[in-house]
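> missing the sequence, but the structure's below:
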């Protein structure tokens, strides 16, 4: 136990990745979370989510697919479904009601949901039926690989895509990364990987990536291009 704590000494890193018996493990540092003002998360509600969509549309933004960007003001609305397919459906319903389009990246190797369960796959198909795209959330932690070569990586992407397409019954056209820091996934920066649109290519042009960080400043009420 002393060695475990010693591995986290210092402020540079907050997790430790190690290989043991052919498997990769990531240990996250346990820290005492500071007390947060509830107002910081006040917008993290379904109504806050709906309001953000309406603000973007009122500012003239089009909700675009990865392969349909264009030169007009647009937003690529993306969800990496890491935990709950049920909550993903709830957000997809709100988006459909507001005529907004999103891409939902699902993980065939998730430990929190099983795409082979009829109930879960019915939820994924429900999201697609609302007009959203289903993409592949490629899970680096599912493979005993610390560094990918391009040929093996593309082959793995194709296998995961085929697995998802078989379960979904429709084509998959885009890909995002899950836990890319476990391997060298971020080195693959082409616009397409294995024929799939890369959600995070090297050349994003004028696109600004905005992570879902809660704020109490009211900045989300302004539109910028």
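Nice, thanks for sending it over. Bear in mind the structure is a predicted one, so any value in this text is a computation, not a measurement. Numbers count the residues shown, from 1 in each chain.
> quick one: buried residues of the host helix or strand of residue 54?
When elements are assigned from DSSP states H and E, residue 54 belongs to helix 46-58. Buried residues in helix 46-58, counted by 16 or more other C-beta atoms under 10 Å: 49-50, 52-53, 56-57. Just so you know, the C-beta spots here come from the backbone N, C-alpha and C atoms, and that holds for glycine as well.
> JSON lines for the residues you listed, including distance to residue 186 and pLDDT?
Written out in JSON lines, the entries for the buried residues of helix 46-58 read as follows (distance: C-beta to C-beta, whole Å; pLDDT from 0 to 100):
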{"residue": "49", "distance to residue 186": "28", "pLDDT": "91"}
{"residue": "50", "distance to residue 186": "33", "pLDDT": "93"}
{"residue": "52", "distance to residue 186": "27", "pLDDT": "90"}
{"residue": "53", "distance to residue 186": "29", "pLDDT": "93"}
{"residue": "56", "distance to residue 186": "27", "pLDDT": "91"}
{"residue": "57", "distance to residue 186": "32", "pLDDT": "91"}
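> For these, which two are the farthest from each other?
Greatest spatial distance among these (C-beta to C-beta): 49 and 57, at 13.2 Å.
> ok, the residue nearest to residue 176 when sequence neighbours are not counted to residue 163 distance?
Leaving aside its sequence neighbours, residue 176 sits nearest to residue 199 (C-beta to C-beta, 6 or more residues apart in numbering; 3.9 Å). Residue 199 sits 19 Å away from residue 163 when distances are taken as C-beta to C-beta, to the nearest Å.
> I figured the residue nearest to residue 176 hits residue 178, correct?
No. Counting by C-beta atoms under 8 Å, residue 199 does not reach residue 178; the two are 11.2 Å apart.
> Find the nearest non-adjacent residue to residue 79, please.
Closest to residue 79 by C-beta to C-beta, 6+ apart is residue 104, at 4.9 Å.
> where does the one you found land in three-state SS?
With DSSP: H, G, I helix; E, B strand; the rest coil as the basis, residue 104 sits in strand.
> Okay, and the beta partners of it?
The partner list for residue 104 in beta bridges (DSSP bridges) reads residue 79, residue 134.
> Next up, the contacts around it.
Residue 104 makes contact with 79, 81, 88, 92, 124, 127, 132-135 under the criterion C-beta atoms under 8 Å, 6 or more residues apart in numbering.
> what do you get for residue 139?
107-110, 178-179.
> now swap in residue 128 and tell me
Going by C-beta under 8 Å, 6+ apart, residue 128 touches 134, 168, 170.
> State the mean pLDDT of the helix or strand encompassing residue 155.
According to DSSP H and E, residue 155 maps onto helix 150-168. The average pLDDT within helix 150-168 is 93.
> how far is it from where the chain is centred?
Its chain's C-alpha centre lies 17 Å from the corresponding centre of helix 150-168 when counted by C-alpha atoms, centre = their mean, to the nearest Å.
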